[in-house]
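A.B. asks: everything below, folded, please.
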Amino acid sequence: MGDTLITIVAIFLAAILMFVFPLMSISERNDDIAQLSVQAATVEFVDNIRETGRITATDYDSFIQTISATGNTYDVQMEVKILDENPGKKSAQTSVDKIGENTYYTEYTSQILEKIYGSSTKTMKLKEGDMISTTVKNTNTTIGQMLKNFFYSITGNDTYQIAGSHSGVVMASGAEK
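C.D. replies: I've put the predicted structure just below:
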């Protein structure tokens with residue numbers, strides 16, 4: 001009887017070692033690859049905006065298509081801080097004869113999408129000195145997350161495995177091109 005119980009336990013442990021842990025390893029590797037892909041796409045998207053000074057519907061759709069190719073769903077949050085210069089200043093550049101300080105007002109994802117999809121040009125033009133920030137987080141539960149939650153008892157609605165973010169200052173005015 002004791003040998004039978006030990007044999008059953010040994011078979012159970014062997015099954016876990018042979019099937020479950022390799023599955024966990026592969027699923028975590030897939031999450032890592034998706035993480036790298038999302039981060040690279042986010043950096044490329046934001047850097048393109050910084051260099052051109054424009055957020056276009058075509059670029060945004062291409063970005064969403066690129067990150068969706070990983071097989072996950074994502075929550076994309078964009079934030080643009082638009083430089084609102086003091087009217088007493090002559091330019092956005094640092095100078096001795098400036099009066100006051102620069103202030104920024106912020107537009108968020110829904111306002112940005114409304115501008116790029118609601119306009120006839122499908123473009124939101126930015127100017128030099130504006131700031132852009134984009135954050136991406138997965139909204140679905142990946143296989144790697146499910147297995148981790150099962151074995152490690154990690155639970156919670158705010159746990160995400162795949163994320164990417166990038167921000168920067170716009171270097172060119174979108175109206176120039």
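A.B. asks: helix, strand or coil for the residue nearest to Glu128 when sequence neighbours are not counted?
C.D. replies: Nearest non-adjacent residue to Glu128, counting by CB to CB, 6 or more residues apart in numbering: Ser173, 5.1 Å away. For every residue, glycine as well, the C-beta is placed using N, CA and C. Under DSSP: H, G, I helix; E, B strand; the rest coil, the three-state class of Ser173 is coil.
A.B. asks: cool, Tyr160 as well?
C.D. replies: coil.
A.B. asks: doesn't Ser120 lie inside a strand?
C.D. replies: No. Applying three-state DSSP, one finds Ser120 to be coil, outside a strand.
A.B. asks: low pLDDT regions in this structure?
C.D. replies: Scanning the chain for pLDDT under 70 picks out 1, 86-101, 153-159, 175-177.
A.B. asks: which residues in it form strands?
C.D. replies: Residue ranges of the strands in the chain, as given by DSSP state E, are 54-56, 74-84, 103-108, 123-125, 131-138, 163-169.
A.B. asks: determine which of those strands approaches Ser37 most closely.
C.D. replies: strand 163-169 (8.7 Å; CB to CB).
A.B. asks: in this structure, which residue is closest to the centre?
C.D. replies: Closest residue to the average C-alpha location of the chain: Val136 at 2.2 Å, with CA atoms, centre = their mean.
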